[in-house]
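*Asks:* Starting from these lines, generate the structure:
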Amino acid sequence: ESLVSIIVPMYNAALYLSETLDSIKDQTHTKWECLLIDDGSTDSTAEISKSYTSTDSRFSYHQQKNAGPSAARNNGLWMAKGSFIQFFDADDVMAPQLLETLLKAYQKANDKTVLFSSMLIGDHDNIQRTKPTNRGFGEGRALGFNEFYAKFGIDFLFIPGTVLFPATALKDVWWNERSSFSEDFEFYLSVAKRGFHFRNVAQPLTIYRDSPNSLSKQTANTAQANYDIYLRWLIKGNQYVYARRCAHQFHR
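*Replies:* Presented below is the predicted three-dimensional model:
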């Protein structure tokens with residue numbers, strides 16, 4: 001049975017954290033470790049986390065000075081022992097069968113595949129009140145570097161909490177700690193650049209909390225981050241796609 005390392009970056013996450021950790025605790029696949037990375041919280045995040053670590057040894061709590069979610073994810077990645085890695089935000093929830101379903105799907109996948117589930121959007125004050133997303137997940141396709149560069153956020157979109165990464169896919173891959181916006185897009189590009197393709201498992205197994213304070217709501221900052229990523233990953237042969245993406249971003 002595979003060990004899964006679940007990495008949860010947390011910053012003042014007390015409001016929804018118990019709901020998130022309960023959804024992890026309820027996983028039907030029980031061989032996991034959950035690394036709770038506290039990014040300098042000033043609320044009761046630490047107390048809530050320790051209430052879980054004291055009753056279930058699969059949870060561990062780690063503090064760092066405030067440096068952002070990417071630094072917290074990297075910190076967790078350094079410590080992770082699992083053969084699979086699951087990044088998960090501290091206000092979302094996972095369906096009980098998330099890990100089990102994706103691990104079973106990996107038994108039929110090749111060793112250059114990264115699998116991710118579909119997801120639902122949950123209301124910020126009642127995450128079980130859900131609606132479908134307004135973007136597809138690239139169903140039925142092998143999403144490689146070119147597809148991500150040209151079409152992520154337009155033709156398909158998914159969050160890290162839907163993705164179960166084989167640890168082999170993340171060798172020498174780290175989150176960009178200088179960016180607080182679109183860092184998931186750049187992380188996917190880094191993985192795809194190593195020759196891995198992402199495939200969707202159609203079942204919705206993650207619920208994303210549609211919080212009014214979400215970083216993803218800050219559209220101007222996200223747009224600037226996307227321009228920076230397009231330029232940083234501009235390589236010979238994709239100049240035309242780069243121009244089209246920048247034009248599309250400008251008109252949004």
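
*Asks:* Any regions of the stretch 51-200 of the chain where pLDDT drops low?
*Replies:* Along the stretch 51-200 of the chain, the parts satisfying pLDDT under 70 run over 179-181.

*Asks:* Show me which residues of the longest strand along the chain are buried.
*Replies:* With secondary structure taken from DSSP state E, the chain has its longest strand at strand 197-210. For strand 197-210, burial by neighbour count (16 or more other CB atoms under 10 Å) applies to His197, Phe198, Arg199, Asn200, Val201, Pro204, Leu205, Thr206, Ile207, Tyr208, Arg209, Asp210. To be clear about C-beta, it is placed using only N, CA and C from the backbone, and glycine gets the same treatment.

*Asks:* and those as a markdown table, adding distance to Met79?
*Replies:* Listed next are the buried residues of strand 197-210 as a markdown table, based on distance: CB to CB, whole Å:
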| residue | distance to Met79 |
| --- | --- |
| His197 | 28 |
| Phe198 | 25 |
| Arg199 | 28 |
| Asn200 | 29 |
| Val201 | 27 |
| Pro204 | 30 |
| Leu205 | 25 |
| Thr206 | 23 |
| Ile207 | 26 |
| Tyr208 | 25 |
| Arg209 | 26 |
| Asp210 | 30 |
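
*Asks:* isn't Met94 right up against Arg209?
*Replies:* No. Met94 is not in contact with Arg209 according to CB atoms under 8 Å; the separation is 12.0 Å.

*Asks:* okay, how far is it across stretch 184-202, tip to tip?
*Replies:* One end of stretch 184-202 to the other measures 20 Å (CA to CA, to the nearest Å).

*Asks:* cool, and stretch 16-33?
*Replies:* 20 Å.

*Asks:* what's in contact with that stretch?
*Replies:* 1-6, 8, 10, 13, 34, 36, 45, 48-49, 52, 56, 58-60, 80-82, 86, 88-100, 103, 127, 209 (CB atoms under 8 Å, 6 or more residues apart in numbering).

*Asks:* Which secondary structure state is assigned to Leu21?
*Replies:* Three-state assignment for Leu21 (DSSP: H, G, I helix; E, B strand; the rest coil): helix.

*Asks:* My error: substitute Lys81 in the last question.
*Replies:* coil.

*Asks:* and it, what is it in contact with?
*Replies:* Lys81 is in contact with Leu3, Ser5, Glu33, counting by CB under 8 Å, 6+ apart.

*Asks:* Next, please give the residue ranges for the helices of this protein.
*Replies:* Per DSSP state H, the chain carries helices over the ranges 14-25, 45-53, 69-79, 98-106, 145-151, 183-193, 219-232, 239-251.

*Asks:* hmm, who's touching the third one?
*Replies:* The list of residues contacting helix 69-79 from outside it, by CB under 8 Å, 6+ apart, reads 5, 7-11, 35, 37-39, 62, 64, 85, 87, 89, 170, 174-177, 179-180, 183.

*Asks:* what is the orientation angle of it with helix 183-193?
*Replies:* With axes from the mean of the first three to the mean of the last three CA atoms, to 10 degrees defining the directions, helix 69-79 sits at 40 degrees from helix 183-193.

*Asks:* Any buried residues in helix 69-79, and which?
*Replies:* Going by 16+ other CB under 10 Å, helix 69-79 has these buried residues: Pro69, Ser70, Ala71, Ala72, Arg73, Asn74, Asn75, Gly76, Leu77.

*Asks:* can you list the helices of the chain in a markdown table and add distance to Leu157?
*Replies:* Shown next, in a markdown table, are the helices of the chain (distance: least, CB to CB, whole Å):
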| stretch | distance to Leu157 |
| --- | --- |
| helix 14-25 | 21 |
| helix 45-53 | 28 |
| helix 69-79 | 18 |
| helix 98-106 | 18 |
| helix 145-151 | 10 |
| helix 183-193 | 9 |
| helix 219-232 | 12 |
| helix 239-251 | 14 |
